[in-house]
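# pasting the structure only:
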């Protein structure tokens, strides 16, 4: 059994955090909230992250914490928009051609 097989099939490490083998930035992004619905989503006008209005109210914007959207309905309306085109999802920024193409 090679190292990769052991990493995915090792049942003795069940208590281990699944994000412990990820690079720090990827692990941080893995904790980000994703839209719970595709209806009524909004985009942050600074960074473009897409979430529902309720998620912006509850968590704010993970990329722009200085906008102080969490818990502030007026700030959420000022700093987000329902008018945007397209979506991009990235699983692993270190190996993604999309990241380099869009210069994210």
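Arrived safely. Only a predicted model underlies this, so the values are computations on that prediction, with no experimental measurement involved. Numbering: from 1, shown residues only.

# compute the mean per-residue pLDDT across stretch 37-55, please.
The average pLDDT within stretch 37-55 is 91.

# also stretch 76-96?
86.

# what is the burial count for the residue nearest to residue 37 when sequence neighbours are not counted?
The spatially closest residue to residue 37, leaving aside those adjacent along the chain, is residue 52, at 5.9 Å (CB to CB, 6 or more residues apart in numbering). From N, CA and C alone the C-beta is placed, and that goes for glycine too. Residue 52 has 18 neighbours, counted by other CB atoms under 10 Å.

# residues contacting residue 52?
For residue 52, the residues meeting the contact criterion (CB atoms under 8 Å, 6 or more residues apart in numbering) are 35, 36, 37, 40, 41, 42.

# which SS class is the third one?
What DSSP: H, G, I helix; E, B strand; the rest coil gives for residue 37 is coil.

# tell me, how many residues neighbour it?
If you count neighbours by other CB under 10 Å, residue 37 ends up with 10.

# ditto for the first one
By other CB under 10 Å, the residues close to residue 35 number 15.

# surely it touches residue 42?
No - counting by CB atoms under 8 Å, residue 35 sits too far from residue 42 to count as a contact (9.3 Å).

# and residue 54, what helix or strand is that in?
For residue 54, the enclosing helix or strand under DSSP states H and E is helix 53-59.

# who does that helix touch, helix- and strand-wise?
Counting contacts by 3 or more CB pairs under 8 Å, 6 or more residues apart in numbering; DSSP states H and E, helix 53-59 is packed against strand 41-44, helix 73-79.

# neighbouring contacts of the last one?
Contacts to helix 73-79, defined as CB under 8 Å, 6+ apart, come from residues 42, 44, 45, 46, 53, 56, 57, 61, 64, 67, 68, 69.

# let's see that with 6 Å instead.
Surrounding helix 73-79, the residues in contact under the criterion CB atoms under 6 Å, 6 or more residues apart in numbering are 45, 56, 57, 67, 68, 69.

# contacting residues for the third one?
Residue 57 makes contacts with residue 76, as judged by CB under 6 Å, 6+ apart.

# give me the nearest residue to the residue nearest to the spatial centre of the chain, chain neighbours excluded.
Centroid-nearest residue in the chain, with CA atoms, centre = their mean: residue 32, separated by 4.0 Å. Using CB to CB, 6+ apart and skipping residues adjacent in sequence, the residue nearest residue 32 is residue 62, 5.0 Å away.
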